[in-house]
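Chemist: Fold the following, please.
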Amino acid sequence: MTVTAEERRFAETYRVARLATADAGAAPHVVPICYALAGDCFYFVVDEKPKRSRLGLKRLRNLAANPKVALLIDNYSDDWTRLAYLLVQGEGAVVIDADEYASTLAALRARYPQYRSMPLAIATHPMVRIRPLHLHLWRAQAPALLR
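Modeler: Here you go, the predicted structure:
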């Protein structure tokens with residue numbers, strides 16, 4: 001699925017998304033993530049923030065059991081005429097290609113300066129690619145009215 005120019009602008013405007021995964025029994029799990037859009041896929045890396053175990057995270061266990069995911073990027077405002085969101089429904093997979101990992105890590109580091117000092121590596125810091133199957137951009141008002 002191709003991400004439209006309007007969807008891309010929206011995704012690149014916001015810094016945090018909510019990732020929803022589900023285990024084999026369909027129990028949902030939602031966490032905030034930092035992400036990058038590269039090509040038509042969304043990516044996130046399991047970084048150095050305190051975690052009990054990077055490789056055993058619930059989101060990664062869920063992806064192994066059920067690759068279907070949802071990603072929500074949203075704009076909340078007390079002015080409800082400015083509400084908007086991009087809902088991405090797709091399939092998630094751990095990146096195993098070293099070139100894809102390196103190029104996407106560069107995009108994540110460009111977007112989030114905090115990643116520049118972290119020793120992120122494919123062997124120790126899994127990266128996930130979300131390939132969209134459906135995208136839905138919703139706005140309370142048409143974009144031209146928000147200016």
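Chemist: which residues does the most centrally placed residue in the chain contact?
Modeler: Nearest residue to the geometric centre of the chain (CA atoms, centre = their mean): Tyr35, 4.4 Å. By CB atoms under 8 Å, 6 or more residues apart in numbering, Tyr35 lies in contact with Ala11, Ala17, Phe42, Tyr43, Phe44, Leu71, Ile73, Leu108. Every residue, glycine included, has its C-beta placed from N, CA and C.
Chemist: For the fifth one, grab the count of nearby residues.
Modeler: Just to be clear, that refers to Phe44. Phe44 sits with 22 neighbouring residues when counted by other CB atoms under 10 Å.
Chemist: before we move on, what about the last one?
Modeler: Here the count is done by other CB under 10 Å, and Leu108 has 22 residues near it.
Chemist: so where does it fall, helix or strand?
Modeler: In this structure, Leu108 sits in helix 98-111 according to DSSP states H and E.
Chemist: average pLDDT across that helix?
Modeler: In this model, helix 98-111 carries a mean pLDDT of 97.
Chemist: swap in stretch 42-49?
Modeler: Stretch 42-49 shows a mean pLDDT of 89.
Chemist: Can you name the residues in contact with it?
Modeler: The contact list for stretch 42-49, computed with CB under 8 Å, 6+ apart, reads 11, 17, 19, 33-37, 54-55, 57, 60, 71, 88, 90, 95, 104-105, 107-108, 114-115, 118-120, 125-130, 132.
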